[in-house]
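**Q** pasting the sequence and the predicted coordinates here, then a few questions.
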Amino acid sequence: MPGDLKEGRIVIVGASLAGLRAAEALREEGFTGPLTVVGDEPHVPYDRPPLSKQVLLGQATADSTELPMRRDPGAEWRLGVRATGVDLLAKRVVLEEGESLPYDRLLIATGTRARPWPNPEEGALDGVFTLRTREDAAGLAARLDARPERVLVIGGGFTGSEIASACRELGLEVTVAERGPAPLVGALGGTLSKLAAVMQRNHGVDLRTGVTVTTLNGNGTFSGAELSDGSRVEADVCVVALGAVRNVEWLAESGLAAGPRGIACDAGCRAFNMYGIVTDDVFVAGDVSRFPHPLFGYQMLSLEHWGNAVEQAEVAAHNMVNPGPLQRPHLSIPVFWSTQFGLNIKSVGVPTYSDHVVIAQGSLEARRLAMVYGYQGRVTAAVTVDMAKSLDYYKHLIETAAPFPPPPGAADRAIAADIPIPSLVPDPSVLSHGPTVALTGHLPDRRLTVV
């Protein structure tokens, strides 16, 4: 490694949102050396949230989602090239054609991919889609534009629910099959997921909960599915929305602490090796990372959030070019949002890190509310439905470890009349979808350690 951290060679694997923002931040931090960005897709970094919203609704095309550059990072872009390994000792990234790239510091920002249907033959039927890439979105949008008789969505998480919402807005019949008791339950817990279920059904969604899809039918072309309760759904389009898979397989022989939950790193985004020793020249950012957060029991968090990717990339870039005493931690509070069925849902904190909830403002009946989550007497999260202006107040309560239930503050009515009730965070193994914030140490209501 060069004596001056502003010099040397940096390689970023992942032409993603995190990869782009890190490249920009490196130049803003004064890095002057060669910078290479490797990406397995043939496109420059693009924005993924519009793919399940504007693109499906025909309000934008998939190729119009390119992310704007805040500044030209002066990078060499190696697009459509897959990284297949890292040699930590030789400090080289191995590419699929056998070429290798030397580095002084490496940033891994490979993100996630859509979890495929477990039966490859059924998943290859014409009319069966996942939604993660520009090509996925363009193909699905074209199929929806052809006005199918019915769309089957497998998985009631945020992606599946947003797809179902787009289908109903387009006037298409849609069935959602979810293994858990309600849509969004893995992200929001049992109480608020009841509102999600009501909203889907009120908007004409054929919502099937507590069931799994056992078979996708078709002779070359998808024609329907068999469900675990013995029923059958006739449909001509199927969207598999079973969550995400971290892109870590290429690191299997690297010696880094990479696994299904992501790549473990410290709060400064420095990757751990397989023995739990922090590295000095390998950094991680974005959806592929797992990092500890002191506000949530120092548990390792895995996030699939747009804002987290940006903030973590900037912290990683800063720490890559600054010595230890000047490095800073990534301690921002997780924030995410979703728009579906006419509702604007925003969350701050970690709703799954909770044992009780209380409705601090509004009501489920009004479909406009602020729900606060607590764990062992401390505020850990809040979710608003069409009340986003209150979110900053609850964010402050989380940051200051305020007691739960919270005192009246942003509330438009006294909350003393509301009794905290269990948050009913389910075991992820009973869901078709996963939480957008995952605690990868243990669930708060179980004394289990994931090894």
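**A** Perfect, I can see it now.
**Q** buried stuff in the longest helix belonging to the chain?
**A** Selection of the longest helix in the chain by residue count, based on DSSP state H, yields helix 185-202. Judged by neighbour count using 16 or more other Cβ atoms under 10 Å, the buried positions of helix 185-202 are 185-200. Every residue, glycine included, has its C-beta placed from N, CA and C.
**Q** tell me how far Leu79 lies from Val335.
**A** Applying Cβ to Cβ, to the nearest Å, the value for Leu79 to Val335 is 30 Å.
**Q** that older thread, closest one of the buried residues of helix 185-202 to Gln376?
**A** Nearest to Gln376 out of the buried residues of helix 185-202 is Gly189 (Cβ to Cβ; 15.8 Å).
**Q** surely the closest one is in contact with Ser423?
**A** Yes: between Gly189 and Ser423 there is a contact at 4.2 Å, judged by Cβ atoms under 8 Å.
**Q** in the chain, what spans have low per-residue confidence?
**A** Under the criterion pLDDT under 70, the flagged ranges of the chain are 1-3, 409-418, 429-451.
**Q** so which residue is dead centre in it?
**A** The chain has Glu304 as the residue nearest its centroid, 1.8 Å off, counting by Cα atoms, centre = their mean.
**Q** which elements pack onto the longest helix of the chain?
**A** helix 158-169, strand 206-209, strand 343-349, strand 356-363, strand 368-375, strand 378-385 (3 or more Cβ pairs under 8 Å, 6 or more residues apart in numbering; DSSP states H and E).
**Q** compute the number of surrounding residues for Leu331.
**A** Neighbours of Leu331 under the rule other Cβ atoms under 10 Å: 14.
**Q** ok, now which ones touch it?
**A** Counting by Cβ atoms under 8 Å, 6 or more residues apart in numbering, Leu331 touches 267, 293-295.
**Q** please indicate which of these are buried?
**A** Neighbour counting by 16+ other Cβ under 10 Å classes 267, 293, 295 among the contacts of Leu331 as buried.
**Q** sitting in strands, which of those residues do you find?
**A** Of the positions in those, His293 sit in strands, assigned by DSSP state E.
**Q** out of the buried ones among the contacts of Leu331, which one sits closest to Ser64?
**A** Closest to Ser64, out of all of the buried ones among the contacts of Leu331 and judged by Cβ to Cβ, is His293, at 35.1 Å.
**Q** pretty sure the closest one contacts Leu301?
**A** Yes: between His293 and Leu301 there is a contact under Cβ under 8 Å: 5.4 Å.
**Q** closest to Leu172 among the buried residues of helix 185-202?
**A** Gln200 (13.9 Å).
**Q** please report how far the closest one lies from Val385.
**A** 14 Å.
**Q** what do you get for Leu216?
**A** Counting by Cβ to Cβ - Leu216 and Val385 are separated by 34 Å.
**Q** Ala109 too?
**A** Counting by Cβ to Cβ - Ala109 and Val385 are separated by 32 Å.
**Q** who has more neighbours out of those two?
**A** Ala109 (32 against 23).
**Q** spatially nearest residue to that one (excluding sequence neighbours)?
**A** Spatial nearest neighbour of Ala109, chain neighbours left out: Gly14 (3.3 Å); criterion: Cβ to Cβ, 6 or more residues apart in numbering.
**Q** just checking, the one you found touches Gly286?
**A** Yes: here Gly14 lies in contact with Gly286, judged by Cβ under 8 Å, at a distance of 7.0 Å.
**Q** overlap in contacts of those two?
**A** Counting by Cβ under 8 Å, 6+ apart, the residues touching both Gly14 and Gly286 are 109-111.
**Q** out of those, which comes closest to Gln59?
**A** Distance ranking of the shared contacts of Gly14 and Gly286 against Gln59, using Cβ to Cβ, places Gly111 first at 24.5 Å.
**Q** the closest one: what's it in contact with?
**A** Gly111 neighbours (Cβ under 8 Å, 6+ apart): 14, 16, 18, 246-247, 286-288, 309.
**Q** then Leu188?
**A** 196, 347, 351, 383.
**Q** swap the cut-off to 10 Å and go again
**A** 158, 182, 194-196, 345, 347, 351-352, 357, 371, 373, 381, 383, 385, 423-425, 435-436 (Cβ atoms under 10 Å, 6 or more residues apart in numbering).
**Q** picking that back up, now do the shared contacts for His293 and Leu301.
**A** Joint contacts of His293 and Leu301 (Cβ under 10 Å, 6+ apart) are 330, 334, 350, 353, 439.
**Q** and the fourth one, which of the three is it?
**A** Per DSSP: H, G, I helix; E, B strand; the rest coil, the secondary structure class of Tyr353 is coil.
**Q** how many other residues sit next to it?
**A** When neighbours are defined as other Cβ under 10 Å, Tyr353 has 26 of them.
**Q** hang on, it packs against Leu301?
**A** Yes: with contact defined as Cβ atoms under 10 Å, Tyr353 and Leu301 form a contacting pair (9.1 Å).
**Q** just to revisit the earlier point, buried ones among the contacts of Leu188?
**A** Using 16+ other Cβ under 10 Å, the buried ones in those are 158, 182, 194-196, 345, 347, 351-352, 357, 371, 373, 381, 383, 385, 423-425, 435-436.
**Q** restricted to helices, list the contacts of Gly111.
**A** Reading helices off the contacts of Gly111 with DSSP H, I get 18, 309.
**Q** just the contacts of Gly111 now: which is nearest Val321?
**A** Ala18 (16.5 Å).
**Q** how many residues are close by the nearest residue to the closest one once chain neighbours are set aside?
**A** Nearest non-adjacent residue to Ala18, counting by Cβ to Cβ, 6+ apart: Gly286, 3.2 Å away. Using other Cβ under 10 Å, Gly286 is surrounded by 30 other residues.
**Q** that's all I had, so thanks and see you.
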